[in-house]
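J.: Need a 3D model of the following:
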Amino acid sequence: MLSTAFQVLAVTFFLTSLAHGISISGISHKCDTTRSLSICTKMAAFISAASQVFYPSSSQYVADNKHYLISSSATSACSVEPGSAADVSAILRVLGSTRTPFAVKGGGHAFNPGFSSTCGVEISMSRFNIIQVNNATGAVDVGAGLTWGQTYAALVPIGLNVIGAREPTVGVAGLTLGGGYSFLSSQYGLTIDNMAGFELVLPNGTITNVTSKNEDLWFALRGGGNNFGIVTTFTYKTIPQGQIWGGTRNYTADQLDALKSAVIKFQQKKDTKATLNLVTVYTPIGIVSSAVLFYNAPTPGPGIFDEILAIPTDQSDVSTRTFTDLLNSLTFANPPPTLRGYASGLSFARYSPTVLDAIANQSLYWGAKLTTLDKSAVVHATLEPFDSGLFSHGSDSAYPPDRSRALFPTVVELTYTDASLDDTMAQALRHYSDAVKAVADADGQNVSHAAVYPNYALFNTPLEDLYGANVPRLRAIRRAVDRENVMGLTGGFKL
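T.: Numbers count the residues shown, from 1 in each chain. Now for the predicted structure:
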């Protein structure tokens, strides 16, 4: 291992030798594993002692490549765990100059294959695990390798919180770079609306700190994905956090109509401390549901959840509790490690009776059809009626492209085990989504091309359906900071 002081010289020498010995033409869709492995071996010789390369015989290699779903994982030539921004810089310079495909993994929660996995070099950010509160500014630095569960566990006991994921296993990096919805979003906005800064390694290896003073990168990093380099540390504004009220109530299939009515009435109320997520799941006897209730105080506001609470439940753990206790109770968020899956996002101006019926009908149709192909197949749809002022908390950002009206993000997920059905499942999701969007448009919502939350979007979703009129500006920013298209060597929605 070389010290940091000698890294620049070592990398420069390495790149010079590669320029004479290895083609640097554009990457193909298929990896040259032997070539990628040679890059791994040479990288191991010049990164600092803070970092390490792992190979397929290593258990750490397995951990670095593991994802939320097995279908999101790939077999990389090696994995590398950088332990400093300087090492990230060195690694990016080598990968870019040799046109070696790579992936960057934070929490590994991406549903889309190849978005944070690769047959080239897997960069695991797991060593970026700092959580440090600045008492003077009230901001907190959070490493890009952490999950939200780890972050909350450090902050909530000292009376602080940040605006982050609703599932503890979700990674800090992916959620933030995609926009970020939270139990606290009706009250405070998206995750990206509560940022103080980013430590960013640009594609050319330059290490920089991005704040609101850096107009273009500040705009691009807030929702624009991994197109602009590798973020090593996220700096969030903190908020005070005391006890909350909430939990999960489970409902049988015969209560679906009452739940639809409750969702419609909830979205008409005005209490930004309240959040409702309704998770619906196909079964052969109908759609069963789980309502996740959240209120950012020890006792809910009067009447806010009356309609939901009036529906009989066969199981409930709703109570006054800590924020972390609620997050850790959401066990449905952790599927068995053998499952495959895809997700598709939808956006609605409101949950109308016709839209809710369309979601239920599509779940019933595709649930019945797909379970005949794979008995383990499950169709989930999660409804998220936030406050209508949701987008008013932040400034212009990559996502959402239009902050003048709220859009309720809705995610449809298919999980299954038969790998031969990957294409069938993806196509089913597209048909499901198209059918429901058509109903919403007929309902006067004009959402056929409404911005889809990037973290819910199925692969191959057009960029315009994520970023709308922001696409030209984002492409210009990408060209300015990544002239060699280094970030085009990794997965994600590419500009």
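J.: close enough to count as contact, residue 160 and residue 242?
T.: No. The pair residue 160 / residue 242 is not scored as a contact, 10.5 Å apart, by CB atoms under 8 Å. Backbone N, C-alpha and C define where each C-beta goes, glycine included.
J.: When the two are compared, which one has more neighbours?
T.: residue 160 (17 against 12; other CB atoms under 10 Å).
J.: Could I get the contacting residues of the closest residue to that one other than its chain neighbours?
T.: With CB to CB, 6 or more residues apart in numbering as the criterion, residue 160 has its nearest non-adjacent residue at 4.5 Å, and that residue is residue 238. Applying CB atoms under 8 Å, 6 or more residues apart in numbering to residue 238 gives the contacts 133, 138, 139, 140, 155, 160, 161, 162.
J.: Now the two most distant members of those residues.
T.: Greatest spacing in the contacts of residue 238, by CB to CB: 139 and 161 (12.8 Å).
J.: quick one, which of these two is more surrounded?
T.: residue 161 (25 against 19).
J.: And that one, its phi and psi?
T.: phi -160, psi 170 (degrees, to the nearest 10).
J.: pretty sure it is in contact with residue 237, am I right?
T.: No. Residue 161 lies out of contact with residue 237 (CB under 8 Å); the separation is 10.4 Å.
J.: which residue ranges form the helices in the stretch 1-150 of the chain?
T.: Ranges of helices in the stretch 1-150 of the chain, per DSSP state H, counting those that start in this stretch, are 7-21, 33-46, 59-65, 85-98, 148-155.
J.: any idea which helix or strand comes after the strand or helix carrying residue 429?
T.: Assigned by DSSP states H and E, residue 429 belongs to helix 422-442. The helix or strand immediately downstream of helix 422-442 is helix 464-467, counting by DSSP H and E.
J.: Please point out which parts of that next one sit buried.
T.: 465, 466, 467 (16 or more other CB atoms under 10 Å).
J.: ok now do residue 493, which residues does it touch?
T.: Shown in contact with residue 493 (CB under 8 Å, 6+ apart): 225, 227, 454, 457, 461, 463, 466.
J.: do that again at 10 Å, thanks
T.: Residue 493 is in contact with 112, 115, 178, 224-227, 454, 457, 459-463, 465-467, counting by CB atoms under 10 Å, 6 or more residues apart in numbering.
J.: which of the helices of the stretch 1-150 of the chain is buried the deepest?
T.: helix 85-98 (a mean of 23; mean count of other CB atoms under 10 Å).
J.: and that one, how far out from the chain's middle?
T.: How far helix 85-98 lies from its chain's middle: 24 Å, per CA atoms, centre = their mean, to the nearest Å.
J.: hang on, the earlier thing: intersection of neighbour lists for residue 139 and residue 161?
T.: The contact sets of residue 139 and residue 161 overlap at 236, 238 (CB under 10 Å, 6+ apart).
J.: dump the residue contacts of the most centrally placed residue in the chain.
T.: Compute the mean C-alpha point of the chain, and by CA atoms, centre = their mean the closest residue is residue 175, 3.6 Å away. Contacts for residue 175 (CB under 10 Å, 6+ apart) come out as 106-107, 109, 147-148, 163-167, 181-182, 190-192, 234, 455.
J.: go with 7 Å
T.: By CB atoms under 7 Å, 6 or more residues apart in numbering, the residues touching residue 175 are 148, 164, 165, 191, 455.
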